[in-house]
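Participant: Pasting the sequence and the predicted coordinates here, then a few questions.
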Amino acid sequence: MTDTQTEPDVVDLLQEQHAAIRDLFAEVLMATGRDEREDSFHRLVRLMAVHETAEEELVHPLARHTLPGGKDIVADRLAEEKAAKEMLSSLERTDVDAPEFPRLLDELRLAVLTHARSEERYEFSRLRGSFGASERAALAAVVKAAEATAPTHPHPGTESATKNLLVGPLAAMTDRIRDILRSS
């Protein structure tokens, strides 16, 4: 965010979330106790789910229609997101103390970090160059609003704006009830 900008830029917001996701992967991997690992992992799952939903509903459609080569750029990102959602969904069903958990988490981490680098390089940098500061600030506000009502767990197969808008509200409600029950 620049000094003259009062609202966050959508690209900065998404890149900050990528950094938070990287930090949460490290936190899960370095956690020493079951409760700490489980808490960190649930925060990671939630952030990844809401982040990807907002990208799929808003950012990718915008990139697809406004960027040169946007259709191909987005198709590649959506394929990566689907694979990551499938991995995350499977990992979410694995006990955090299971012997295979660290290996599976690291496989997911590598896939997600590769995906994030590709988004930042091929999509986000081009979006920054295609829209002014006020437009990017408005997009950040819309992304935050989408994240506030997004599902909090991965739902592979919903990697489009249409599918997210059709399935998302019910999935979000179900996920949030599940989260409440898990925390009580």
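Facilitator: Received it, and whenever you're ready, just let me know what you need.

Participant: hey, where'd the helices end up in the protein?
Facilitator: 10-30, 34-54, 60-66, 70-92, 101-118, 125-130, 133-148, 161-183 (DSSP state H).

Participant: Using CSV, write down the CA coordinates of the second one.
Facilitator: Extracted C-alpha coordinates of helix 34-54, given in CSV (Å, rounded to 0.1, in the frame of the first residue of the first chain):
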residue,chain,number,x,y,z
ARG,A,34,-1.8,-31.4,19.1
ASP,A,35,-4.0,-28.5,20.1
GLU,A,36,-1.6,-25.9,18.7
ARG,A,37,-1.2,-27.8,15.4
GLU,A,38,-5.0,-28.3,15.1
ASP,A,39,-5.7,-24.7,15.8
SER,A,40,-3.1,-23.5,13.3
PHE,A,41,-4.3,-25.9,10.7
HIS,A,42,-8.0,-24.8,11.1
ARG,A,43,-6.9,-21.2,10.7
LEU,A,44,-5.0,-22.2,7.5
VAL,A,45,-8.0,-24.1,6.1
ARG,A,46,-10.3,-21.1,6.8
LEU,A,47,-8.0,-18.5,5.2
MET,A,48,-7.3,-20.7,2.1
ALA,A,49,-11.0,-21.4,1.6
VAL,A,50,-12.2,-17.8,1.9
HIS,A,51,-9.3,-16.4,-0.1
GLU,A,52,-9.8,-18.8,-3.0
THR,A,53,-13.6,-18.3,-3.1
ALA,A,54,-13.1,-14.5,-3.4
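
Participant: the inter-axis angle of it versus helix 101-118?
Facilitator: 30 degrees (axes from the mean of the first three to the mean of the last three Cα atoms, to 10 degrees).

Participant: what about helix 34-54, average pLDDT?
Facilitator: Regarding helix 34-54, the rounded mean pLDDT is 96.

Participant: which of the residues in it are buried?
Facilitator: For helix 34-54, the neighbour count (16 or more other Cβ atoms under 10 Å) marks 37-42, 44-54 as buried. Glycine gets a C-beta too; all of them are placed from N, C-alpha and C.
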